[in-house]
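Peer 1: just need the structure, nothing else, for what follows:
(chains A and B)
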Amino acid sequence: EAQVTQNPRYLITVTGKKLTVTCSQNMNHEYMSWYRQDPGLGLRQIYYSMNVEVTDKGDVPEGYKVSRKEKRNFPLILESPSPNQTSLYFCASRGAGAGGELFFGEGSRLTVL
Amino acid sequence: GQNIDQPTEMTATEGAIVQINCTYQTSGFNGLFWYQQHAGEAPTFLSYNVLDGLEEKGRFSSFLSRSKGYSYLLLKELQMKDSASYLCAVRDRDDKIIFGKGTRLHILP
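Peer 2: Numbering: from 1, shown residues only, chains lettered A, B, ... in the order given. Model prediction:
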């Protein structure tokens, strides 16, 4: 089954404790992206990757890192989480077709205390 | 700057028709998407328009006017399960997908 898998789905952590949210897709997509979603603000792009070893900042990259060492994986790293990073995070991948719609993971709800 | 506008909330009655509008101002245009998102879940793809006109998919249709920077999503024969947020998104000339803030649709019995 074609899917994007994120882990963990839910996490409560404390300020300053490094964490990684993993994302994996099995559709051989070149493009992958991370979004955060906050009430009243919609989906905002954090980082994206056009292909292996190619990553770029989105609209809200501060406080986040990413890496793309393999095509299928695109982890999101919070080196020193802060309460303003409490949010719902979505990983997505996109095929190369004309439409190129995004396929989203199920989301990771992160709370930073 | 890049801007996508859609109403924050709408209410409609089961069995009726509702139209959700979206206007956009972006750096170039390479297509417009509509996604459905139920509370706490991931967005799911509904439709894609790149040429002017209407695309129909069952109870859902999406319309695009590139000259006006305008699209709408039309939902017919509304069902309670259509209660969700509907996200308009535009792919700009740099291949970036920009999302509107979404329209929360409430369906009344």
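
Peer 1: so where's chain B uncertain?
Peer 2: Where chain B drops to pLDDT under 70, the residues are B:1.

Peer 1: what about residue B:81, distance to chain A?
Peer 2: As for residue B:81, its distance to chain A is 19 Å (criterion: CB to the nearest CB, to the nearest Å). Placement of C-beta: from N, CA and C, glycine included.

Peer 1: which bits of chain A sit near chain B?
Peer 2: Proximity of chain A to chain B (CB under 8 Å from any CB of the partner chain) is limited to residues A:33, A:35, A:40-45, A:48, A:88, A:90, A:94, A:98-107.

Peer 1: just the buried ones among these, please.
Peer 2: Buried subset of these (neighbour count, 16 or more other CB atoms under 10 Å in any protein chain shown): A:33, A:35, A:42-45, A:48, A:88, A:90, A:94, A:100-105, A:107.

Peer 1: which element is the most centrally placed residue in chain A on?
Peer 2: By CA atoms, centre = their mean, chain A has its centre lying nearest to residue A:34, at 2.9 Å. Here residue A:34 is covered by strand A:31-38, with elements defined by DSSP states H and E.

Peer 1: now do that strand: distance to the chain's middle.
Peer 2: Chain-centre distance of strand A:31-38: 5 Å, with CA atoms, centre = their mean, to the nearest Å.

Peer 1: not counting it itself, show me its contacts.
Peer 2: Surrounding strand A:31-38, the residues in contact under the criterion CB atoms under 8 Å, 6 or more residues apart in numbering or on different chains are A:23, A:25, A:43-51, A:58, A:60, A:64, A:66, A:68, A:74, A:76, A:85, A:87-96, A:100, A:102, A:107, B:97, B:99.

Peer 1: if you set the cut-off to 6 Å instead, what comes out?
Peer 2: By CB atoms under 6 Å, 6 or more residues apart in numbering or on different chains, the list of residues contacting strand A:31-38 from outside reads A:43-50, A:74, A:76, A:87-94.

Peer 1: Provide the count of other residues in contact range of residue B:13.
Peer 2: 12 (other CB atoms under 10 Å in any protein chain shown).

Peer 1: which ones among the contacts of strand A:31-38 lie within strands?
Peer 2: A:43-50, A:76, A:87-94 (DSSP state E).

Peer 1: nearest spatial neighbour of residue 48, skipping sequence neighbours?
Peer 2: Reading this off chain A. residue A:33 (4.0 Å; CB to CB, 6 or more residues apart in numbering or on different chains).

Peer 1: oops, chain B please
Peer 2: residue A:99 is the one closest to residue B:48 (CB to CB, 6+ apart), at 4.2 Å.
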